[in-house]
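Novice: My questions are about this predicted structure, shown below with the sequence.
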Amino acid sequence: MSLKRFLQEWAAPIGIGLAIAAALMLLFPQLRDSAHNMASREWQGPVSYATAVNRAAPSVVNIYTRNVLHRQSQNNDPMRRYLGYRTSPQQRDRIQINLGSGVIVNDEGYILTNHHVIDQADAIVILLSDGREAQAKVVGSDPDFDLAVLKIDLPNLTPIEVGDLERVQVGDVVLAIGNPLGLSQTVTQGIISATGRYLPDSHGPSYLQNFLQTDAAINPGNSGGALVDTRGRLLGINTEKATETGPRGGISFAIPANIAFKVMNDLIEYGRVVPGWLGIEASKVTPQLARAFHLSSNHGVLVTAIYDQGPAFQAGLKPGDVITHINGLPINDGKRGVAAMATLRPGDNVSITFVRNKDVRTVTATVSEVPKPQKRT
């Protein structure tokens, strides 16, 4: 085909097409923006988490506590008397200022933080992200869970939205928001490194341990702050780094939000934590035990002992049963069961699925409070 013939046949259609395209660009400028955005995606870096931070940050507060450390007078020291030294009251007492973080959980002014942040504090000052300050009072505190509830009296507070803990998976991106090293509100980013983590060197009872592990940096002052998902929803209350040998880079922990809220409600209503109790002793199901009990997997816990007249006893469980689910949640090495029990209250009914002699059974038990040790007579 000659060039002349080509121009005769195609010049008019091409011209009409270009005219239509130009008209569309003028009438719908968003088409130009869309084309630009598609091209820019080829070189864009990681997505921004600014929206999540903007949602969660107003709910995270800085906590400043004051402790007056009383020193014993040394005026009775014969050597000091001989040298003529005297100690003034100002020298005997020393004021210590500690830093921490907290999370506003409702518009009534309740704040969740760590127990160790406010332990033995003589005064607590809350600094909000908008610059307002308030004195806080301690509603309740529990060292085993390392959680405390504070309350402030200020209007127009921004409670944090709570995420879905059941959907949390290893590898999810998370953000830690707090007040590290007194630098004011700071955000660090990482992933969920593990769930259901039990720390052997924790001071509380083992049935209370169910930490989220993350590699998001949590430094001194971050304790009590928020661990949030990429939508700015609360997943956990950050606590200090902890391992058997002390802090380690890239290993930090948070108390799951569902457990933190259960503790908060107990402290507000009862003034103390009331953990649920089934009245059993159990051990992890090993691959050897799974084969011996003809289990399809080694998930679950083996009941090794039953407390007489306890909830599990009343429900009909026996030593040798293998509990696989609590309230429909599978128990992985006992961790999910621990989490489920930590959020139950005495009087709640709980569904327990277990295996006995290859048969899968389900019973309902009424959770009770941990019985107090009986005094010997």
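Specialist: Structure's in. What do you need?
Novice: Could you pull up phi and psi at the residue lying closest to Ala123 once chain neighbours are set aside?
Specialist: Closest residue in space to Ala123, ignoring its immediate chain neighbours: Arg66 at 4.4 Å, by CB to CB, 6 or more residues apart in numbering. Heads up, the C-betas are built off the backbone N, CA and C, glycines and all. Per-residue torsions, Arg66: phi -120, psi 130 (degrees, to the nearest 10).
Novice: now Thr364
Specialist: Phi and psi for Thr364, reported as degrees, to the nearest 10, are phi -120, psi 130.
Novice: burial count for it?
Specialist: Residues lying near Thr364 (other CB atoms under 10 Å) number 11.
Novice: Which strands and helices lie in contact with the helix or strand harbouring Phe253?
Specialist: Element membership for Phe253, per DSSP states H and E: strand 252-256. Judged by 3 or more CB pairs under 8 Å, 6 or more residues apart in numbering; DSSP states H and E, strand 252-256 is in contact with strand 211-214, strand 234-239.
Novice: Name the stretch among those that sits most buried.
Specialist: strand 234-239 (a mean of 28; mean count of other CB atoms under 10 Å).
Novice: what does stretch 119-127 rub up against?
Specialist: 61-68, 98, 102, 111, 118, 133-138, 141, 143, 150, 152 (CB atoms under 8 Å, 6 or more residues apart in numbering).
Novice: Among those residues, name the buried ones.
Specialist: Those of the contacts of stretch 119-127 that meet the buried threshold are 61-65, 67, 98, 102, 111, 118, 134, 136, 138, 141, 150, 152, by 16 or more other CB atoms under 10 Å.
Novice: and of those residues, the nearest to Ile280?
Specialist: Taking CB to CB as the measure, Ile280 sits nearest to Ser141 out of the buried ones among the contacts of stretch 119-127, at 28.9 Å.
Novice: Not including adjacent chain positions, what is the nearest residue to Asn106?
Specialist: Distances taken as CB to CB, 6+ apart place Pro159 nearest to Asn106, at 4.8 Å, with adjacent residues excluded.
Novice: For the stretch 151-300 of the chain, which segments count as strands?
Specialist: 173-178, 186-197, 211-214, 226-228, 234-239, 252-256, 276-277, 280-284 (DSSP state E, counting those that start in this stretch).
Novice: Kindly state the beta-bridge partners for the residue nearest to Ala123.
Specialist: Beta-bridge partners of Arg66, counted by DSSP bridges, are Ile97, Ala123.
Novice: Isn't it up against Ile97?
Specialist: Yes: contact status for Arg66 versus Ile97: in contact at 5.9 Å, counting by CB atoms under 8 Å.
Novice: which neighbours do the two share?
Specialist: By CB under 8 Å, 6+ apart, no residue touches both Arg66 and Ile97.
Novice: so how far is Ser59 from the residue nearest to Glu133 when sequence neighbours are not counted?
Specialist: Leaving aside its sequence neighbours, Glu133 sits nearest to Leu127 (CB to CB, 6+ apart; 5.5 Å). Using CB to CB, to the nearest Å, Leu127 is found at 13 Å from Ser59.
Novice: Please apply the same query to Gly171.
Specialist: According to CB to CB, Gly171 stands 25 Å off from Ser59.
Novice: So between these two, which is more surrounded?
Specialist: Ser59 (23 against 7).
Novice: contacting residues around the more buried one?
Specialist: Per CB under 8 Å, 6+ apart, neighbours of Ser59: 103-105, 158-160, 226, 234.
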